[in-house]
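Undergrad: Below is the sequence, then the predicted model.
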Amino acid sequence: MIIFEQVTKRYPGGTVAVDDLSLEVPDGKIMILVGPSGCGKTTTLRMVNRLVEPTAGRILLDGRDVAQAQPAALRRGIGYVIQQSGLFPHRTVEDNIATVPLLNGWRRARARARARELMELVGLDAALAGRYPQQLSGGQQQRVGVARALAADPPVLLMDEPFSAVDPIVRSSLQDELIRLQAGLRKTVVMVTHDVEEAIKVGDLVAVYRPGGHLAQVDTPERLLAFPADDYVESFIGFDRGIRRLSFFPARGLELDLEAVLGEQTTVAEAQQAANRAGQPWILVIDSERKPLGWAATAQLELLPEEGALSGVPLTGYGHTFRPDADSLRAALDATVLSRTGRAIGVDEQGRVLGVTSFDRLRTAIHAADEAAPEEAAADGRPAPAEMQA
Amino acid sequence: MVWSWIPANLGLIGQLTRQNAYIGIVSAVAGLVIAVPLGIASARWRWLYPPVLSAADVIYALPSLALFVVLIAYTGLSDTTVIIPLTLFSLVVILPNVVDGLRSVPGDVRQAATAMGFGPLRRLAQVELPLAVPVIIAGMRVATVSSISLVSVGQLIGIGGLGYLFTDGLDRDFPTEIYVGLILIIVLALACDLLLVLARRLLTPWQRDGQSGGDAAARLASPAVQAEPPPRAGQAPLHRSAP
């Protein structure tokens, strides 16, 4: 647990980077500090391992004031990852990762063995062990940076915009990797970013900074999207927070229709009947394994011979599908928006059709989820919105 | 060229070459030994660097002959009398490179080292100095080459290594001797330079461009690519003229 108690950092020029900040980072959680440039989020981070000393207030790490600790020893117990990875250019990948174990007096062989373990953990090919950092891609360097920070198995990890220097695709995979790692490691993580999307994706808790080193809101990502504390937070989160919030609602509750889903052997006459009964302008045609083939327009069926099978009917492509058991309402909405028929297909793990959903169904599901959300958040025992610090 | 002069005087030539190499190399190494701590101090305490640099420039401006004359009173007609001025000149050449080299260590690397829990001394020894090596060696190369060629100036007081062949050749109107001295000085300087290039390659394995360590042999075949120090702004020593 990291506790900031009324921490202020005032630089000699008079600039106040952090102003009377009080914040708690619970054990095993990822706390994201997010805000515009110069809002004091990086200063906050650096005060934890005393790269910056606060002007006033205390920072407690597991109940102990960090100001009382010997800086080098304190830092060896705190993992640190920075933007450009900050790797040592003159050390190989494995020696970079082994840095803190070596500082702690481990023998080289043991430290290197530990480095190999970590390379595997963060998904680096063992063949890279003898390379130098500049021989790696940006994404690989950042993985080495994370492995180095984890080498001595510190309970606390500080990450200063760790993924901002890599391209969006690599960034996204590194974020996924961090979430995966954290599920097993349960470190107490403080991470700085200016990317709200990243904060919402990766964070268990998000602290939104206002310019001038004040906190605007500290909350779970779900609650941040649902209940921004004020106009500043709302505009900082972005205009499409409603849609992004759907990421937190599972598509499980979405109702799926099966009445207009027919096998390819069905005759046109039967299909017409079924469509009229259901009042559906589109019929989803599936094969014998229940895999989707495409959409048939009900209106077009009238122009075709009644005895013909649906397999002979020209079909409209079905775009991408969603998985009700694994995806969120956002994915379902996306699939619906992108579908040419305004209908999205829910499939199981094997890609077999479970049913079809539409905008109407989605609207119902979103409202239901929305109504349930605040109570659910409270019932789950998630932290209530923290008090605002002025 | 009177070729027969060379085999007839091999003993003398060998002795002068050794003296030249000895005085030149000792001066450059002594210059390095002083420049490193002075450079570390100058890089750490920024206010120290301008006065140190000015003092170094004053030393550089001193004519060697004047220094010899002053020093003879203390060290007599010994190698030391030549080594001291050459050491000072080497120091002046190497010092800015030590400071530049230390300052060229990227800020994020320095910060990462601190955040990993390196103390200041360990950080200096294990991170900053190793990263400054290429720039320091670039200065060392200039200092060594100029030091070896400047040894001949010591001939003014009779301790000039291969410089003896210049004055003697002039006195006797015997060009062969002068050519031999000239060529040997150049060969000596190039040999030392080559050794420093090799030293740099050994000390900075991370500076190779290849994707793996396996093609080191291929790179050794084209040393010209690697031999040049990295082009750096403000590398004043390269542009200084000999005193």
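TA: In hand now; what should we look at?
Undergrad: Where does chain A get nearest to chain B, residue-wise?
TA: Evaluated by C-beta to the nearest C-beta, chain A has A:Gly86 as its residue closest to chain B, separated by 3.1 Å. Heads up, the C-betas are built off the backbone N, CA and C, glycines and all.
Undergrad: Which residues are in contact with that residue?
TA: A:Gly86 is in contact with A:145, B:108-109, B:111-112, B:115, counting by C-beta atoms under 8 Å, 6 or more residues apart in numbering or on different chains.
Undergrad: Checking it next. Helix, strand or coil?
TA: coil (DSSP: H, G, I helix; E, B strand; the rest coil).
Undergrad: Give me the pLDDT value at the closest residue to it other than its chain neighbours.
TA: If the residues on either side of it in the chain are set aside, A:Gly86 comes closest to B:Ala112, at 3.1 Å by C-beta to C-beta, 6 or more residues apart in numbering or on different chains. Note on B:Ala112: pLDDT of 93.
Undergrad: what do you get for A:Glu264?
TA: Per the predicted model, pLDDT is 88 at A:Glu264.
Undergrad: Was I right to think it contacts A:Leu310?
TA: Yes: A:Glu264 is within contact range of A:Leu310, at 5.1 Å (criterion: C-beta atoms under 8 Å).
Undergrad: what sits in contact with each of the two?
TA: With C-beta under 8 Å, 6+ apart, A:Glu264 and A:Leu310 have common neighbours A:Val285.
Undergrad: the more surrounded of these two?
TA: A:Leu310 (23 against 17; other C-beta atoms under 10 Å in any protein chain shown).
Undergrad: and the more buried one, what is it in contact with?
TA: Here A:Leu310 is in contact with A:262-268, A:271, A:283, A:285, A:296 (C-beta under 8 Å, 6+ apart).
Undergrad: So which of those is surrounded by the most neighbours?
TA: That'd be A:Ile283 among the contacts of A:Leu310, by other C-beta under 10 Å, with 28 neighbours.
Undergrad: mind checking which helix or strand that residue is in?
TA: A:Ile283 belongs to strand A:282-286 when assigned by DSSP states H and E.
Undergrad: What of A:Phe236?
TA: With DSSP H and E as the test, A:Phe236 turns up in helix A:231-237.
Undergrad: What helices and strands are in contact with that helix?
TA: strand A:205-210, strand A:214-219, helix A:221-226 (3 or more C-beta pairs under 8 Å, 6 or more residues apart in numbering or on different chains; DSSP states H and E).
Undergrad: Adding mean neighbour count, distance to chain B and mean pLDDT, write those out as CSV.
TA: Converted to CSV, those look like this (neighbours: other C-beta atoms under 10 Å in any protein chain shown; distance: least, C-beta to the nearest C-beta, whole Å; pLDDT from 0 to 100):
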stretch, mean neighbour count, distance to chain B, mean pLDDT
strand A:205-210, 25, 21, 95
strand A:214-219, 23, 24, 94
helix A:221-226, 23, 27, 90
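Undergrad: any chance of those in TSV, with distance to A:Thr43 too?
TA: Output for the helices and strands packed on helix A:231-237, formatted as TSV (distance: least, C-beta to C-beta, whole Å):
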stretch	distance to A:Thr43
strand A:205-210	10
strand A:214-219	13
helix A:221-226	22
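Undergrad: Where does the prediction get shaky in the stretch 251-390 of chain A?
TA: For the stretch 251-390 of chain A, the stretches flagged by pLDDT under 70 are A:373-390.
Undergrad: for the helix holding A:Phe236, which positions count as buried?
TA: Under the neighbour-count criterion of 16 or more other C-beta atoms under 10 Å in any protein chain shown, helix A:231-237 has A:233-234, A:236-237 buried.
Undergrad: pLDDT of it, averaged?
TA: On average, helix A:231-237 scores 90.
Undergrad: now stretch B:126-138
TA: On average, stretch B:126-138 scores 95.
Undergrad: Give the buried residues for it.
TA: For stretch B:126-138, by 16+ other C-beta under 10 Å, it's B:126-138.
Undergrad: give me the element whichever residue of chain B sits closest to chain A is part of.
TA: Closest approach between chain B and chain A, counting by C-beta to the nearest C-beta: B:Ala112, at 3.1 Å. Per DSSP H and E: B:Ala112 is located in helix B:107-116.
Undergrad: which other helices and strands contact that helix?
TA: Secondary-structure packing of helix B:107-116 (3+ C-beta pairs under 8 Å, 6+ apart): helix A:71-76, strand A:78-82, helix A:99-103, helix B:120-123.
Undergrad: starting at the chain centroid, how far to it?
TA: 31 Å (C-alpha atoms, centre = their mean, to the nearest Å).
Undergrad: and the angle from it to strand A:78-82?
TA: Relative orientation of helix B:107-116 and strand A:78-82, computed by axes from the mean of the first three to the mean of the last three C-alpha atoms, to 10 degrees: 170 degrees.
Undergrad: could you dump helix B:107-116 to CSV, C-alpha only?
TA: Output of helix B:107-116 as CSV, limited to C-alpha atoms (Å, rounded to 0.1, in the frame of the first residue of the first chain):
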residue,chain,number,x,y,z
GLY,B,107,19.5,11.5,-19.3
ASP,B,108,17.0,8.6,-19.2
VAL,B,109,19.8,6.1,-18.8
ARG,B,110,21.3,8.1,-15.9
GLN,B,111,17.9,8.4,-14.4
ALA,B,112,17.1,4.7,-14.8
ALA,B,113,20.4,3.9,-13.2
THR,B,114,19.6,6.1,-10.2
ALA,B,115,16.1,4.6,-10.0
MET,B,116,17.5,1.1,-10.1
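Undergrad: Pull the residues that contact that helix.
TA: Contacts for helix B:107-116 (C-beta under 8 Å, 6+ apart): A:49, A:51, A:75-76, A:78, A:80, A:82-89, A:99-100, A:103, A:148, A:158, B:123, B:126-128, B:131.
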